[in-house]
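Undergrad: What follows is a predicted structure for the sequence shown.
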Amino acid sequence: MTGWVAVAGLGPGDEALVTPQVRAALDAASDVVGYIPYVARIAPRAGLRLHASDNRVELDRAAHALDMAAQGRRVVVVSSGDPGVFAMASALFEALEAGPQHWRALDIRVLPGITAMLAAAARAGAPLGHDFCAINLSDNLKPWALIEKRLRLAAEADFAMAFYNPRSKARPDGFARALEVLRTTCADARPVVFARAVSTPQEELRIVPLTEARPEMADMRTMVIVGSSLTRVIDTPRGPVIFTPRSA
């Protein structure tokens with residue numbers, strides 16, 4: 001088979017944060033597949049087909065990409081951030097596992113990108129400087145009871161935590177419940193970072209104690225990072241800097 005699939009991360013938003021490896025794959029592609037706003041970031045050019053689709057058809061999108069590659073197309077499946085973090089790489093391999101045997105002979109590559117989590121942490125300082133975990137707060141693909149269990153156990157283990165998809169119009173109450181779990185389990189005023197639209201012109205950054213964190217401070221464009229019990233804040237002339245020491 002002469003076709004190939006590259007699953008690529010476009011980073012958090014700033015075009016300067018797209019890696020040269022990803023740019024090279026996009027330059028060589030005959031087709032780009034992805035969620036509508038991510039495909040919109042790709043400049044049209046002669047010979048390039050753009051296939052944009054809705055956010056809840058990941059497996060269909062992945063199967064479409066694999067099928068086009070099997071026909072000899074050069075396909076890039078785009079995600080924001082890193083494609084292996086709550087994104088399309090896993091969906092593509094799910095489709096590969098369930099699909100026809102000949103798809104397994106395809107040249108499939110996963111090209112890393114800068115995650116929203118890492119971009120937000122860098123803007124705030126170094127809140128993920130020691131052990132941490134990432135949790136997707138959306139209950140679209142897993143039950144809320146499992147999310148709550150993972151939140152509680154991560155807090156009991158004293159991880160710093162990074163939260164994806166904290167609050168949406170369809171899920172306005174979940175983040176409030178998450179904050180209650182954290183307040184009950186942590187019982188302190190550890191710092192919380194609300195980083196919205198990091199690396200874009202709409203970027204907003206706020207650092208507040210857990211006791212003052214409110215659900216309305218987050219939306220689907222917000223990355224929330226909760227420090228561990230050791231995480232500290234340094235006041236500087238340019239604003240607060242948050243970091244977690246490298247030793248526990």
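TA: All right, it came through fine.

Undergrad: Please, where are all the helices along this protein?
TA: 20-28, 36-39, 58-70, 88-98, 116-124, 144-156, 174-186 (DSSP state H).

Undergrad: With respect to burial, which of those scores highest?
TA: Stretch with highest mean neighbour count among the helices of the chain: helix 116-124 (a mean of 22; mean count of other CB atoms under 10 Å). All C-beta spots, glycine's among them, are computed from the backbone N, C-alpha and C.

Undergrad: residues in contact with that one?
TA: 11-12, 17, 80-81, 85, 127-128, 134, 162, 164, 193, 195, 198-199, 203, 205, 207, 223, 225, 241-242 (CB atoms under 8 Å, 6 or more residues apart in numbering).

Undergrad: Recalculate using a threshold of 6 Å.
TA: Outside helix 116-124, the residues that touch it by CB atoms under 6 Å, 6 or more residues apart in numbering are 12, 81, 127-128, 134, 162, 193, 195, 198-199, 205, 223, 242.

Undergrad: Quick check: mean pLDDT of it?
TA: Helix 116-124 shows a mean pLDDT of 96.

Undergrad: who touches R45 in this structure?
TA: Residues near R45 by CB under 6 Å, 6+ apart: none.

Undergrad: Return the distance of it relative to D188.
TA: Using CB to CB, to the nearest Å, one gets 53 Å for the distance from R45 to D188.

Undergrad: In this protein, where is pLDDT below threshold?
TA: Where the chain drops to pLDDT under 70, the residues are 1.

Undergrad: For it, which segments count as strands?
TA: Shown for the chain, the strands assigned by DSSP state E span residues 4-9, 31-35, 49-53, 74-79, 107-111, 125-126, 132-136, 160-164, 191-196, 204-209, 222-226, 232-236, 239-243.

Undergrad: Make JSON lines out of the helices of the chain and add distance to T2.
TA: Output for these, formatted as JSON lines (distance: least, CB to CB, whole Å):
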{"stretch": "helix 20-28", "distance to T2": "12"}
{"stretch": "helix 36-39", "distance to T2": "24"}
{"stretch": "helix 58-70", "distance to T2": "9"}
{"stretch": "helix 88-98", "distance to T2": "18"}
{"stretch": "helix 116-124", "distance to T2": "35"}
{"stretch": "helix 144-156", "distance to T2": "43"}
{"stretch": "helix 174-186", "distance to T2": "46"}
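
Undergrad: of all the strands of the chain, which lies closest to P172?
TA: strand 222-226 (13.5 Å; CB to CB).

Undergrad: For the closest one, give me every contacting residue.
TA: The contact list for strand 222-226, computed with CB under 6 Å, 6+ apart, reads 116, 120, 127, 161-163, 166, 192-196, 218.

Undergrad: Greatest separation within those residues: which pair is it?
TA: The distance between the two most remote of those (CB to CB) is 17.4 Å, for M161 and R196.

Undergrad: more neighbours, those two?
TA: Between M161 and R196, counting by other CB atoms under 10 Å, M161 is the more crowded of the two (23 against 19).

Undergrad: so the nearest residue to the more buried one once chain neighbours are set aside bridges to which residues?
TA: Leaving aside its sequence neighbours, M161 sits nearest to V226 (CB to CB, 6 or more residues apart in numbering; 4.5 Å). Here V226 shows beta-bridge partners M161, V192, assigned using DSSP bridges.

Undergrad: Near V226, how many other residues are there?
TA: Applying other CB under 10 Å, we find 26 residues neighbouring V226.
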